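[1] structure for the following, please:
(chains A and B)
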There are 2 protein chains.
Amino acid sequence: MKLMKPFDPLYCICESNFSLKTSKHYEGVFTQGSGYLHIRGSFEEGLEGANQNEEYMRLPANVTIEKPRHPISKWGTYVPGITGIHPLLKEEIVNLPYVLFFKLFANGNPLDMSSSRISNYQRMLDMRDGLLYREFDWEVDDNTTVKCEFTRFVSLARKNLVVQMMNFKVLKGKCELNLISGIDEKVKTNGYNHFASVAKKLTDRDCNVELVTDNNDIVLMASRTFSDTVEFKDNGSNDQVASVVLNENESISVNKLSAVMTSKDETGRLSKDTSLNPLNENTCLNFDILRQQLDDAEKKFEQLYSEHELCWNARWERSGVEIEGDDRAQLAVNFSIYHMLRAANPDNSKVAVCAKGFAGEAYFGHFFWDTEIYLMPFFIYTNPDTAKALAEFRINTLDGAKRNAEKYGYNGAKYPWESSVTGDEQCPNWQYADHEVHINADVVFGLWHYYSATEEEDFLVKAAPVFVETARYWISRVEFRSDGSINLNGVMGPDEYTCFSNNNAYTNMMVSWALKKTVEVVKHIKETNENAYSLLKITDEEIQLFNEVAQKLPVLTLDNKVILQCEGFDRFEELDFEKVWTDRKRPLGQFVSQEKCYRSKALKQADVLMLPFLFPNYLNQEELAANYDYYFKYTTHDSSLSSIVHSILCCRMGRIQDAYDLFVKSLDIDLSEDKAGAAEGIHIANCGGIWQAIVFGFAGMLPCYESGQVSFNPRLPESWKSLKFNIVYRGENYRVHVLPGKSTVERRS
Amino acid sequence: MKLMKPFDPLYCICESNFSLKTSKHYEGVFTQGSGYLHIRGSFEEGLEGANQNEEYMRLPANVTIEKPRHPISKWGTYVPGITGIHPLLKEEIVNLPYVLFFKLFANGNPLDMSSSRISNYQRMLDMRDGLLYREFDWEVDDNTTVKCEFTRFVSLARKNLVVQMMNFKVLKGKCELNLISGIDEKVKTNGYNHFASVAKKLTDRDCNVELVTDNNDIVLMASRTFSDTVEFKDNGSNDQVASVVLNENESISVNKLSAVMTSKDETGRLSKDTSLNPLNENTCLNFDILRQQLDDAEKKFEQLYSEHELCWNARWERSGVEIEGDDRAQLAVNFSIYHMLRAANPDNSKVAVCAKGFAGEAYFGHFFWDTEIYLMPFFIYTNPDTAKALAEFRINTLDGAKRNAEKYGYNGAKYPWESSVTGDEQCPNWQYADHEVHINADVVFGLWHYYSATEEEDFLVKAAPVFVETARYWISRVEFRSDGSINLNGVMGPDEYTCFSNNNAYTNMMVSWALKKTVEVVKHIKETNENAYSLLKITDEEIQLFNEVAQKLPVLTLDNKVILQCEGFDRFEELDFEKVWTDRKRPLGQFVSQEKCYRSKALKQADVLMLPFLFPNYLNQEELAANYDYYFKYTTHDSSLSSIVHSILCCRMGRIQDAYDLFVKSLDIDLSEDKAGAAEGIHIANCGGIWQAIVFGFAGMLPCYESGQVSFNPRLPESWKSLKFNIVYRGENYRVHVLPGKSTVERRS
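    Numbering: from 1, shown residues only, chains lettered A, B, ... in the order given. As a prediction, this is how the structure comes out:
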């Protein structure tokens, strides 16, 4: 079996040579998923020397400059919502047993991509349907060569089902093949064991794993391996084995189906099609259900792909972007869209999308502001149901945010810098957890963005308590001084190379904005929904305070032109980048100590410039240029969240070549083999940023909260002949077609 | 056996009732030691329910507000210099096997102070000779009562020897006593196992323990238990046991000797008397030496106390302070002097005195600025040999300080905020390690203080590289701005409730001072020791830079009167202490989050006020009062380093009652049963502070670096009729006698 669709270089990521230097990177790049279940692109048979069960203590650190473990391979099998407690890293997503497990021996030799003699190697991910295909010729010995093919996908129709298809053909000689299949439960998460108990058992035809996490979640996994040619049997160690001797030109096909269910599953979440849904309100968690699922899938094996493909087709139809004249950009935006569609789950508002897109455990599966600022715009304008699930995640975690506020001694609600499934703060480093309070306004921004694009009144009623409780937090968090001024001190803005600052412009402006929106929302609800209004229990004094703080929080400027990132930023030390930053391929943070970064004019990422990025009308052209030019020279882009913001601003200033250069820089973050940036997972916020760069940047779309409607002002890169994409706005679908200097927006039925 | 000297309530700390609430506190208070070896005042038999072998992961935290483990008892046996590596806490002193171990059973019942029926309980530490005595009547059952007496000391004559004497007498009934003695190796340090290997073996008469730490140090311990009445035998589990049946009024005496040696020992360190010294240049580490030592000690058992007492007498003779009219103060200063004399080791300049005086492991055995600022003055003016060892510790760890500077990207040497034995930074919390750079000037201050009191030219030559290398650090650490100004930004001053500040006054002034002294020292050496000067490899440009930075580092003021703790301190938020700090017995830090402390006018301890404390001539009376009154109202004294500084400043301002109240507050830090403050060890810096309060405060001595000689300006508290103490200055001994308004200084032969 090969790819099911004709090969298309714009929709397929190819690895044409295997190398240990990039093996872990491609595991991230080739991550597959259904929203419910995500699996990194590791080899079915593993890699020699890559112990997946190693126990060690990962310490809290600056992830950007941390040196990760597992240099060549890290398996990852994640069900968002299944988390454990790490003694130092706090709550983290649990890496589950490896259902892909499939080992091959030829004439007694184990297949290993790093030591076996391999030729004609090729691995491809088709992003149109999430199929991963690997083929190669294995020269087992001088007299024997076997051609191996591996295909797999995580079903988007049956979101808890993994389908694997293998084919082995003897090209030369005669060969005994020994096959071992099952589930490998010997895995750890960041070196830590989150399995309170794990039991593996072979039943009649299935390998069953039952595990209880240290958070008391139950996870059941079942896999079944079958072939027309040979029978798989118990080998006594709870794996399924088969042996076959093949003569030259003979081949064997093997299929494997695996299914997962957990105690966090809810009715309707695994498939919209109730006939495919293993759970209904009356079922409990047991292997009978998984067996029935596997039975059904095996019976309908031939249609598993087509039903899966239909789901992907529907998503691409809504989400696709077509760029004529720039294949590299086309491939990269496809890659970004693929991973966003894979990572998010419209059917589950109890989780959001983690910082690594569930393609690695570097950020422990935590949820950041990435959701609201980088990811939600894509979903709001292409897949509003998914955007709604992400927005509802914040509404669902309001209680956790209240607990955070209380822990710090404040009123209301404080959304966590790194959110757990419950909304409790999970950031293991206090400097971010304590000070990066802007998240609380970012959350409100995300909710408002969704509402202003959909005008769903029911949603606004559900979201209103988030507006009010975060506003209450700000009132108790700011400092009212006796001279009548109001300050917001001791914060970290988006730039994480300034640890502790007063009156950070981004934070103050966002807080003012959020407070004003809160007043607006409360007023609107008062007028439209008396019952909902009374539940908010808001007083006139509070409204007055919201208004006062919104008006008085200062945004400081230098010479009335450049917005000061924070008090005293202009007196921060000048760093001689030329002298200290001797290798620009590595982050500045590896050359300058944190202590020095914290007091220098060195930005990890856009800070002040996040304001004109989010609010295109916030600065006029002259102001924008002044601010951009002031901060750009100090900005390291050590954070993956930075380049793309600058690209969009360059578009707005008409600096198209700069915009394009920064855009290309962003494309490389996960796709450059040289940088191997996807090793620890996908920079999913950057994926959202790439979509935004195309739509908000090059197509020049004004977001709806700024203009009350969507509008375009195209500024295409020179090489782009045309650009096409779809937009959903207030329930209507639009086709947007941008040519140099011209845009057409057409309503679709 | 009882105390060997007649009971003196001014020199004896008494515990008259045992309580689980204070049991751990008294373990700290009753710590005994010889400089070489320290043992907390735990019961020989342990305490029921106090597992000494519990494994857990202690996390880096703010120790001041941390809730410690082991609520009722924590054994501690420490040899300074024997350290292990904790994965999170960094290097820490290792808690060694418990040589005091001695269990008693009467008619089959185990002795336990928390559950046995006990009357006539009394425990006393005699601070004149470090003897710890416990007696009580144990009502074993309705028909049987046993009087128990335990006496012990760590020999100051044979510093690695522990002497225990037990006596048990049946007061009522007939009783079978079972005695178990040996060494309990089932101990952990902060919940962590630092023993790479530990082996226990009974030889002929001794229990031997050989252990290798995870730092590859070897520690040998041997103990021997003997009695005229019964023979101790092997019980098969490597302890020594004996049984005896006693009739009414019969008694039994048991003695135990224990000795320790380690791979860190050096010739001459264990005893000045070479005949008592188990090590000479040709011996290796083995149990034969320890056995010979125990043989010798057993043979001369009757003289062990007297040789030990002689050593203590000599120390007290040099160090004692006599206060007439204030028994409480007399007891407290005796307590302070006892622990300082015990904790420091004049014969070992490879270690200093740790923050808990080797009486607990809360601060992991690390060395802080406490050494230079709080402890060294006492030693400089009473035990200059010990002061020299402490000063030499910094000279010996210059290489570690250079490594620290290099790690941060600076030139020269940066002494660590929390020093290991090697001078490498061991502070597990980056906010202190990165920012509390003032330590680098504090170290120079300490060296200069020693030199100016002794004028030892050899010492200055050895110390000069510390002056120069720390100066080089400052030159690369400060910011030279294009306007010609020089700033020292991103620092934490002494006040640890301000995390990150610019131009901290204390730091800037100390750096200026240290740079000026460096220039002076270099000039002096150039003139007096050409060879030493050339080794410093210092250029004229460097000298010029030292001078320039010393002159230009700003000390900011408010209205030209109050020194600003740092830039913008006056704009920090006002905290309503009345409202938030509802229980003044607990630190403010338990009521206000770190985040809020960091941006509020809340001082953990004296910061600006450290300047007039160290330099009595720095401010005139009016300035001192203005600064004192401004900062006092914001100061929480959450740090034990604070009250005593304020007490001394009040003396200087003639506010004697305030001075006395603050002094009394400091006396309570380790001695108040109610506060139980010694549970985690002795606040040894405060011990030094108490001595300074008496000598620099009430007696009004000007330190020699300020005046070029010592002089007095007494301001005695009302109740004090007279005050007497000794001072060593430039090799001469002086007897100081202070009466209200009068001081007499007499040179002694």
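[2] how near is the residue of the stretch 551-700 of chain A found nearest chain B to residue B:567?
    Closest residue of the stretch 551-700 of chain A to chain B, Cβ to the nearest Cβ: residue A:599 (3.4 Å). (Each C-beta comes from the backbone N, C-alpha and C, glycine too.) Noted for residue A:599: a distance of 12 Å to residue B:567, by Cβ to Cβ, to the nearest Å.
[3] now the common contact residues for the two.
    residue B:502 (Cβ atoms under 8 Å, 6 or more residues apart in numbering or on different chains).
[4] for the residue nearest to residue A:583 when sequence neighbours are not counted, give me its contacts.
    Nearest residue to residue A:583, sequence neighbours excluded (Cβ to Cβ, 6 or more residues apart in numbering or on different chains): residue A:591, at 7.8 Å. Taking Cβ under 8 Å, 6+ apart, we find residue A:591 in contact with A:580-583, B:409.
[5] for PyMOL, what selects the buried ones among those?
    Typed into PyMOL, the next command selects the buried ones out of those (criterion: 16 or more other Cβ atoms under 10 Å in any protein chain shown):
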select buried, chain A and resi 581
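[6] re the thing from before, which of residue A:599 and residue B:567 has more neighbours?
    The residue with more neighbours, out of residue A:599 and residue B:567, is residue A:599; 24 against 19, by other Cβ atoms under 10 Å in any protein chain shown.
[7] state the distance from the residue lying closest to the more buried one once chain neighbours are set aside to residue A:423.
    Leaving aside its chain neighbours, residue A:599 sits nearest to residue B:490 (3.4 Å; criterion: Cβ to Cβ, 6+ apart). Counting by Cβ to Cβ, the gap from residue B:490 to residue A:423 is 33 Å.
[8] circling back: what is the burial count for the residue nearest to residue A:599?
    Neighbour tally, residue B:490, other Cβ under 10 Å: 26.
[9] so what's it up against?
    Applying Cβ under 8 Å, 6+ apart, we find residue B:490 in contact with A:595-596, A:598-599, B:435, B:500-502.
[10] at 10 Å what do you get?
    Residue B:490 makes contacts with A:499-500, A:572-573, A:594-600, B:434-435, B:437, B:477, B:479, B:499-502, B:504, as judged by Cβ atoms under 10 Å, 6 or more residues apart in numbering or on different chains.
[11] pLDDT weak spots in chain A?
    Along chain A, segments meeting pLDDT under 70 span A:1, A:267-284.
[12] so residue A:619 makes contact with residue A:610?
    No: the criterion here is Cβ atoms under 10 Å, and residue A:619 misses it with residue A:610 at 11.9 Å.
[13] which of these two has more residues huddled nearby?
    Using other Cβ under 10 Å, the more surrounded residue of residue A:619 and residue A:610 is residue A:610, with 25 against 20.
[14] can you verify my assumption that the more buried one contacts residue A:635?
    No: at 11.6 Å, residue A:610 does not count as touching residue A:635 under the criterion of Cβ under 10 Å.
[15] number of nearby residues for residue A:520?
    By other Cβ under 10 Å, neighbour count at residue A:520 equals 12.
[16] and the strand or helix carrying it, what does it pack onto?
    Using DSSP states H and E, residue A:520 sits in helix A:505-528. Applying 3 or more Cβ pairs under 10 Å, 6 or more residues apart in numbering or on different chains; DSSP states H and E, we find helix A:505-528 packed against helix A:439-454, helix A:457-477, helix A:530-536, helix A:540-552, strand A:562-563, helix A:610-614.
[17] out of these, which is closest to residue B:139?
    Nearest of these to residue B:139, taken as Cβ to Cβ: helix A:457-477 at 58.5 Å.
[18] just the buried residues of stretch A:456-473, please?
    By 16+ other Cβ under 10 Å, the buried positions in stretch A:456-473 come out as A:456, A:459-473.
[19] would you map the helices across the stretch 101-250 of chain A?
    With DSSP state H, counting those that start in this stretch applied, the stretch 101-250 of chain A shows no helices anywhere along its length.
[20] show me where it has strands.
    Residue ranges of the strands in the stretch 101-250 of chain A, as given by DSSP state E, counting those that start in this stretch, are A:102-106, A:109-110, A:117-126, A:131-141, A:144-154, A:161-172, A:175-181, A:195-202, A:206-213, A:218-226, A:233-234, A:240-246.
[21] and of those strands, who's closest to chain B?
    Using Cβ to the nearest Cβ, the nearest of the strands of the stretch 101-250 of chain A to chain B is strand A:195-202, at 18.1 Å.
[22] in its sheet, what does that closest one sit against?
    Strand pairing for strand A:195-202, determined by DSSP bridges: strand A:206-213 (antiparallel).
[23] off-centre distance for the partner strand?
    27 Å (Cα atoms, centre = their mean, to the nearest Å).
[24] tilt between it and strand A:175-181?
    Inter-element angle recorded for strand A:206-213 and strand A:175-181: 40 degrees (by axes from the mean of the first three to the mean of the last three Cα atoms, to 10 degrees).
[25] distance of the residue nearest the centre of chain A from chain B?
    In chain A, the residue lying closest to the centroid (Cα atoms, centre = their mean) is residue A:357, at 2.4 Å. Computed as Cβ to the nearest Cβ, to the nearest Å, the residue A:357 to chain B distance reads 29 Å.
[26] cool, residue A:361 as well?
    Distance, residue A:361 to chain B, using Cβ to the nearest Cβ: 20 Å.
[27] try residue A:733
    Distance from residue A:733 to chain B, by Cβ to the nearest Cβ: 46 Å.
[28] helix, strand or coil for that residue?
    Here residue A:733 is recorded as strand under DSSP: H, G, I helix; E, B strand; the rest coil.
[29] mind listing the residues bridging to it?
    Bridge pairing for residue A:733 (DSSP bridges) gives the partners residue A:728, residue A:748.
[30] okay but it is in contact with residue A:383, surely?
    No: using Cβ under 10 Å as the test, residue A:733 is too far from residue A:383 to be in contact (11.6 Å).
[31] in JSON lines: the strands of the stretch 101-250 of chain A, plus mean neighbour count.
    Formatted as JSON lines, the strands of the stretch 101-250 of chain A follow (neighbours: other Cβ atoms under 10 Å in any protein chain shown):
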{"stretch": "strand A:102-106", "mean neighbour count": "22"}
{"stretch": "strand A:109-110", "mean neighbour count": "16"}
{"stretch": "strand A:117-126", "mean neighbour count": "17"}
{"stretch": "strand A:131-141", "mean neighbour count": "20"}
{"stretch": "strand A:144-154", "mean neighbour count": "22"}
{"stretch": "strand A:161-172", "mean neighbour count": "21"}
{"stretch": "strand A:175-181", "mean neighbour count": "21"}
{"stretch": "strand A:195-202", "mean neighbour count": "16"}
{"stretch": "strand A:206-213", "mean neighbour count": "22"}
{"stretch": "strand A:218-226", "mean neighbour count": "23"}
{"stretch": "strand A:233-234", "mean neighbour count": "14"}
{"stretch": "strand A:240-246", "mean neighbour count": "18"}
